Every structure is written in C-alpha cells, then in structure tokens.
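Peer 1: Prediction below, plus the sequence it came from.
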Amino acid sequence: MRVKTIFVNDLHKITKPDSEQIAALKDLHDYIKTEKIEVRIYTDARFHAKAYIFESDRYRSGDAAIVGSSNFSRSGMGVDKSSNTELNSIHRNSPDTTILRNWFDQIWEEAKPFQKDLLKIIESSQPYIQFVVAGLLLWWFDT
C-alpha cells in the first residue's frame, strides 16, 4: 500500500524529533487508540480533493464548508506565508454544504479503515519509541 509506505518513510526521516513533533505523534496515537478519531484511507483512485466540512448544532452560524486547493495547515489557510497561490471557496448554511456532506459520506464509506495499520506505524517509529523510553526513564527515576 503506497500510503502506508509514505507514512513509514516520513516517520523514519525524523531522526531528531523536537518536543512538538513527539507530542503531536503521541496525541495522534492516543486519539486513535481511544477512538476519538477514526482514520480511513481511500485507495480506489488518487485522492487530491480538499474539503473541510464543519457541522454544528451548538452555534448560530450553523454548518460551513471550505473547498479549494489549500492544505489544512497554517500556510494553507493564510496564517503563515506560502509560496503557493491558493483558491478556496467558503460556504455557510447553503445547499452546497449538504452536497459536500453527502459527497464526503460517500467517499468515507468507500474508504478502508486504517487505524490499526497507522497505530503500528506510529508505535514502530523512532520519535514514538523515544517518547516511550523517555517516559519510562522518568517513571523509573521518580519511583
């Protein structure tokens, strides 16, 4: 599976992780393990679409969606400078948000569960192993 190989290779490239990377990896691991997030992988075709769908029953603004070329990152959302020229469209409480939600649900159903594989990848990565070892050392010295 190409994506699995990419995840493994990317994690192996991190030879000297900083505390922020280790914390992010630990959080991702914990969220997957405790089923706070579900991870799926779409393998039917190359997937490059970017749609960010926000649903809310608690806020007056209701549902919203962003569709466009940007990654969901600081530079992609315009917080940090980027060398890319991006185009995004924002939709609020419109028939478009329903169409996008239906599209996402269809893709989600076609995608395959990826939690177990991703947990194995994370647990075998150098940054995660360093986190576990550091935690064990702190525990050992503290007892």
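Peer 2: Cool, got the structure. Numbering: from 1, shown residues only.

Peer 1: Could you report the neighbour count for the residue lying closest to Arg40 once chain neighbours are set aside?
Peer 2: Leaving aside its sequence neighbours, Arg40 sits nearest to Ala111 (CB to CB, 6 or more residues apart in numbering; 3.6 Å). Every residue, glycine included, has its C-beta placed from N, CA and C. Neighbour count for Ala111, taken as other CB atoms under 10 Å: 16.

Peer 1: mind listing what Ala111 touches?
Peer 2: Neighbouring residues of Ala111 by CB atoms under 8 Å, 6 or more residues apart in numbering: 40-43.

Peer 1: Map the structural domains onto the sequence of this protein.
Peer 2: 1-41+113-143, 44-110 (automatic domain parsing).

Peer 1: in what helix or strand does Asn102 lie?
Peer 2: helix 95-110 (DSSP states H and E).

Peer 1: Just list what that helix packs against, helices and strands only.
Peer 2: strand 51-54, strand 64-68 (3 or more CB pairs under 8 Å, 6 or more residues apart in numbering; DSSP states H and E).

Peer 1: Any buried residues in stretch 22-42, and which?
Peer 2: By 16 or more other CB atoms under 10 Å, the buried positions in stretch 22-42 come out as 22, 25-26, 28-29, 32, 41.

Peer 1: Among the residues you listed, name the least confidently predicted one.
Peer 2: Among those, Ile22 has the lowest pLDDT, at 79.

Peer 1: The helix or strand that contains that one packs against which elements?
Peer 2: Using DSSP H and E, Ile22 sits in helix 19-33. Here helix 19-33 touches helix 115-123, helix 126-142, going by 3+ CB pairs under 8 Å, 6+ apart.

Peer 1: Of these, which shows the lowest average pLDDT?
Peer 2: helix 126-142 (a mean of 57).

Peer 1: Off-centre distance for stretch 14-29?
Peer 2: 14 Å (CA atoms, centre = their mean, to the nearest Å).

Peer 1: List the buried residues for the helix holding Asn102?
Peer 2: 97, 100.

Peer 1: Past it, which element shows up next along the chain?
Peer 2: strand 112-113.

Peer 1: for that next one, what is the average pLDDT?
Peer 2: In the prediction, strand 112-113 has an average pLDDT of 92.
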